[in-house]
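Undergrad: no FASTA, just this:
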């Protein structure tokens, strides 16, 4: 029995629903993550707002129209064409990602092609791969765990939340780091490292955004501090022939700048019996290095924390907000010019 577009459309809507909260799609070329917000008779609504969508903030929404999928379907089936994934226009990328959820289409290298009708679903909505749930069938190249494709701000937020929880549990306000158990020290070190790495990436991004807003002598004040635009120069030696030409032009002997080339010296050490200690003063430094992160454990702990926060009583949350607002008002009064 043939596989009609009606069957494809029904299958795509079902498999979009099967993504749930744990899986997202990424665009083929840019690998930009997006979530399915809703599906309707004539459309699938997606959002590029990180990998999570709040009910009142759906971010950068995009409507994928049923007719668009129909066009792709007919090109790939009736016309027998293939679609090059890497060269898909930006507007077509999300269509390709969603289309790849179907059992009727497959990504072969850099192309998406239609598979034989008896290998996929029929008009009754059955598949040859029985005994699996819809989620089990989501084998698309463009499906990713939501946890793995979080944006940098999301990672900073999640790791900071985990770190705050760890600091609270370890009660470092009343005792020293040395009093922690080895396991707790490892956990603390890994979380501090993760927060530091992601926060530094976000710091650099914020700095680049600020550069265009600050003049050479500007000093901008914010609630938590101030920033200014600073210039720093880094030197890199030009090619040897350029350096020698400049020295010769000024009558400076080349011998004044000639010295040991460490790269060549390392080659000599590797191919001869010359001892490293004969040509280098070696100073060893012992330090702790993070060699792995238990992402599943972090995800599980974070899920529990978010559930606890979500379960906060509305009255308690309102009281907390009132306290924060009161504190902000008092700070503004103190800082206000007399």
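TA: The structure has been received and is ready for your questions. Everything numeric in this text was worked out from a predicted model, so none of it was measured.

Undergrad: Which elements pack onto the longest strand anywhere in the chain?
TA: In terms of residue count, the longest strand belonging to the chain (DSSP state E) is strand 33-39. Using 3 or more Cβ pairs under 8 Å, 6 or more residues apart in numbering; DSSP states H and E, the elements in contact with strand 33-39 are helix 5-18, strand 23-26, strand 43-47, helix 93-99. For the C-beta atoms, the positions are set from N, CA and C on the backbone; glycine is no exception.

Undergrad: Recalculate using a threshold of 7 Å.
TA: Using 3 or more Cβ pairs under 7 Å, 6 or more residues apart in numbering; DSSP states H and E, the elements in contact with strand 33-39 are helix 5-18, strand 23-26, strand 43-47.

Undergrad: With adjacent residues omitted, what lies nearest to residue 293?
TA: Sequence neighbours aside, residue 190 is the residue nearest to residue 293 in space, at 6.1 Å (criterion: Cβ to Cβ, 6 or more residues apart in numbering).

Undergrad: Please verify my assumption that the one you found contacts residue 290.
TA: Yes. Using Cβ atoms under 7 Å, residue 190 is in contact with residue 290, at 5.7 Å.

Undergrad: circling back to that earlier point, partners of the longest strand of the chain, with directions?
TA: Applying DSSP bridges, strand 33-39 is found paired with strand 23-26 (antiparallel), strand 43-47 (antiparallel).

Undergrad: one step back: among the helices and strands packed on strand 33-39, which comes closest to residue 144?
TA: Residue 144 lies closest, by Cβ to Cβ, to one member of these: strand 23-26, at 5.5 Å.

Undergrad: Report the buried residues of that closest one.
TA: Buried residues in strand 23-26, counted by 16 or more other Cβ atoms under 10 Å: 23-26.

Undergrad: Taking those, tell me the two that lie furthest apart.
TA: Farthest pair in these, by Cβ to Cβ: 23 and 26, 10.6 Å.

Undergrad: name the element the spatially closest residue to residue 85 that is not a sequence neighbour belongs to?
TA: Distances taken as Cβ to Cβ, 6+ apart put residue 28 closest to residue 85, at 4.5 Å, once the chain neighbours are dropped. Assigned by DSSP states H and E, residue 28 falls within no helix or strand.

Undergrad: Helix or strand: which one has residue 161?
TA: Residue-wise, residue 161 maps onto helix 152-170 under DSSP H and E.

Undergrad: what's that helix in contact with?
TA: 50, 180, 184, 187-188, 191-192, 194-195, 198-199, 201-202, 298, 301-302, 305 (Cβ atoms under 7 Å, 6 or more residues apart in numbering).

Undergrad: related to what we said a few turns ago, tell me which of the strands paired with strand 33-39 sits nearest to residue 34.
TA: Of all the strands paired with strand 33-39, the one in closest proximity to residue 34, counting by Cβ to Cβ, is strand 43-47 (4.7 Å).

Undergrad: could you give the angle of that closest one to helix 5-18?
TA: Per axes from the mean of the first three to the mean of the last three Cα atoms, to 10 degrees, the angle that strand 43-47 makes with helix 5-18 is 30 degrees.

Undergrad: pLDDT averaged over the helix or strand just after strand 43-47, what's the number?
TA: For strand 43-47, the following helix or strand on the C-terminal side (DSSP H and E) is strand 61-65. Strand 61-65 shows a mean pLDDT of 91.

Undergrad: same check, this time on stretch 97-108
TA: For stretch 97-108, mean pLDDT rounds to 88.

Undergrad: ditto for stretch 289-302
TA: Rounded mean pLDDT across stretch 289-302 is 84.

Undergrad: residues of that stretch that come out buried?
TA: Of all the residues in stretch 289-302, those buried under the rule 16+ other Cβ under 10 Å are 298-299, 301-302.

Undergrad: Likewise for stretch 167-179?
TA: Using 16+ other Cβ under 10 Å as the test for burial, stretch 167-179 gives residue 170.

Undergrad: Could you do stretch 87-105 as well?
TA: Going by 16+ other Cβ under 10 Å, stretch 87-105 has these buried residues: 88, 92-105.

Undergrad: closest to residue 175 among the residues you listed?
TA: Set against residue 175, the nearest of the buried residues of stretch 87-105 by Cβ to Cβ is residue 97 (50.3 Å).

Undergrad: surely residue 9 meets residue 66?
TA: Yes. Using Cβ under 7 Å, residue 9 makes contact with residue 66 at a distance of 6.2 Å.

Undergrad: Compare the two and say which is more crowded by neighbours.
TA: residue 9 (19 against 16; other Cβ atoms under 10 Å).

Undergrad: how about that one, what does it touch?
TA: 66, 69.

Undergrad: From residue 98, how far off is it?
TA: 11 Å (Cβ to Cβ, to the nearest Å).

Undergrad: just residue 194 next, same as before
TA: With distances taken as Cβ to Cβ, residue 194 is found 32 Å from residue 98.
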